[in-house]
Every structure is written in C-alpha cells, then in structure tokens.
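Fold the following, please.
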Amino acid sequence: MRRDIQLNERAFSSKEVAEEVGIATPTVRKYGQILERNGYEFLKDGDRRIFVQSDIGALIALRATDKPRYS
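Now for the predicted structure:
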C-alpha cells in the first residue's frame with residue numbers, strides 16, 4: 001500500500017497526465033505497465049490507474065530514459 005499519497009491529493013486521468021507530460025495517452029498506459037512490472041504501485045479504480053502528482057514525476061523520469069541521447 002502506498003503511503004506517499006495525501007488524503008485530499010488531486011487525482012489525474014490518463015488523458016490529463018498525457019497532456020501534462022507531453023506524451024500520448026497510450027504511452028501513459030505503456031509507461032504505467034512498465035513501472036508496475038518493476039514494482040511501482042498505482043492507486044486503482046478497478047483496472048484503471050488513478051494518477052497523483054508523484055506518479056506524474058515517475059512518468060516524466062521514465063520518459064527521460066526513453067529519449068535518444070545525442071553527443
């Protein structure tokens with residue numbers, strides 16, 4: 001169980017997260033699956049992930065590892 005979430009913390013939909021992070025909604029789902037396979041826990045409503053600000057930070061960090069690096 002996650003303990004880093006505040007009681008009245010704002011929840012975001014996949015679409016809102018996609019807009020915030022600058023990625024497509026299917027990519028939010030893909031990144032969520034990658035994080036879960038590596039032990040990350042999301043709040044859920046049935047099968048739907050409920051995102052909070054700390055989750056957005058995790059997705060941004062994952063996106064940064066997915067970008068090509070140029071020298």
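
Any figure for the gap between Glu16 and Ile50?
Distance, Glu16 to Ile50, by Cβ to Cβ, to the nearest Å: 11 Å. In short, each C-beta sits where N, CA and C put it, glycine included.

And Arg37, by the same measure?
To Ile50, Arg37 is 19 Å away according to Cβ to Cβ.

These two: who's more crowded?
Ile50 (14 against 8; other Cβ atoms under 10 Å).

Tell me where the model's unsure across the chain.
Across the chain, the ranges flagged by pLDDT under 70 are 1-2, 5, 67-71.

And the helices in it?
Along the chain, counting by DSSP state H, helices occupy 14-21, 25-37, 53-66.

nearest to Asn8, of those helices?
helix 53-66 (12.3 Å; Cβ to Cβ).

What residues of that closest one count as buried?
Buried residues in helix 53-66, counting neighbours by 16 or more other Cβ atoms under 10 Å, are found at Asp55, Ile56, Leu59, Leu62.

so the third one makes contact with Val21?
Put plainly, it is Leu59. Yes - using Cβ atoms under 8 Å, Leu59 is in contact with Val21, at 5.4 Å.

any shared contact partners between the two?
Val28 (Cβ atoms under 8 Å, 6 or more residues apart in numbering).

Could you count how many residues lie near the spatially closest residue to Ala18 that is not a sequence neighbour?
Taking Cβ to Cβ, 6 or more residues apart in numbering as the measure, Ala18 lies nearest to Thr25, with 4.4 Å between them; neighbours along the chain are not counted. Number of residues near Thr25 (other Cβ under 10 Å) recorded here: 14.

could you measure Thr25 against Leu7, distance?
Computed as Cβ to Cβ, the Thr25 to Leu7 distance reads 28 Å.
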